[in-house]
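J.: Okay, structure incoming, though there's no sequence with it:
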């Protein structure tokens, strides 16, 4: 992820109410009290989200480690803090923020897609553990940052167990080219965006091997119930995976060379090594780490993940792209919906 200079800090113009994780304890802000937004992570995704919020008539602080100002200064008056750092940086940023004085009224938004290798936690679970009394909102959807920066039409989802917090974030990012929906299933919304990164690697392999449209359609169709199995086992609503953060993100990421995870799979299929691909990749392909953590999780919880398992084996150099495809084609014959309980 390429870091960019931070935007000039300024006050956001909105004044919605805030809350913490227990809705009945929240009191709305006075109508004349401004809300401020700080985006942590000035790479492609963080910069795109900051740009969207500015197009929504808000002014935003955009912070990265290269900034002259400290993290404490960047979030000093923020009422909404959005984290768009890579998965490996989430826990570090959360720990740094724990050392600062942050009101329980402050809303945390996570826009990271990944799983923690130590705990198998999602980013929102890390944030909720670090700030148990603050509202946590997940932002995820079919959002390729380069297209968003070009102001091409896009839609996303903001999800929280507290609808008021989600609606505040919805207002911060909704603009004429970026439509924002709300739901109350943060774990499902988050896992949709996380798990599809592994499938995007498989999609890149499919295209890199020139397997055709039939194979790609079969892959994506079978990938969706695999994602749902994992999600529902972890407490997600299965319907969430048929929305923007599930099926929508799956289609966008698996069908675009702009996707870094797709680029990894395509490169492996065309004979490049994983090390070579990652060395020349601009940004982080979260699906590589997610595949490792997902298989660990699936083994522990006995969740069938045949596509992700082959991607994991491929990334570890245990099989070739051709062998991964052959293994999937040779699986035991079964009824189409035998392992999907909706």
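T.: Received it, and whenever you're ready, just let me know what you need. Note that the structure is predicted; figures quoted are calculated from it, not measured.

J.: In contact with residue 268, which residues?
T.: Under the criterion of CB atoms under 8 Å, 6 or more residues apart in numbering, the contact partners of residue 268 comprise 201, 204, 205, 208, 274, 277, 314, 315, 321. Every residue, glycine included, has its C-beta placed from N, CA and C.

J.: change it to 10 Å
T.: For residue 268, the contact set (CB atoms under 10 Å, 6 or more residues apart in numbering) comprises 201, 204-205, 208-209, 274, 276-277, 311, 314-315, 317, 320-321, 324.

J.: Give me the pLDDT for it.
T.: Per-residue confidence at residue 268 stands at 97 (pLDDT).

J.: sorry, back to before: can you tell me which of the contacts of residue 268 are in helices?
T.: Residues of the contacts of residue 268 located in helices (DSSP state H): 201, 204, 205, 208, 274, 276, 277, 311, 314, 315, 321, 324.

J.: that older thread, quick check: of the contacts of residue 268, which lies closest to residue 177?
T.: residue 204 (27.5 Å; CB to CB).

J.: if I read this right, that closest one contacts residue 257, doesn't it?
T.: Yes. With contacts defined as CB atoms under 10 Å, residue 204 counts as touching residue 257 at a distance of 8.6 Å.

J.: Next, show the common contact partners of these two.
T.: Jointly contacting residue 204 and residue 257 under the rule CB under 10 Å, 6+ apart are 263, 266.

J.: which one of those two has more residues nearby?
T.: Using other CB atoms under 10 Å, the more surrounded residue of residue 204 and residue 257 is residue 204, with 30 against 10.

J.: Pull the contacting residues for that one.
T.: With the criterion set at CB under 10 Å, 6+ apart, residue 204 makes contact with 253-254, 257, 259-270, 277, 285, 287, 311, 321.

J.: can you rerun that using 6 Å?
T.: Contacts for residue 204 (CB atoms under 6 Å, 6 or more residues apart in numbering) come out as 262, 265, 266.

J.: From the structure, what's the count of residues near the first one?
T.: The local packing count at residue 262 equals 27, with neighbours defined by other CB under 10 Å.
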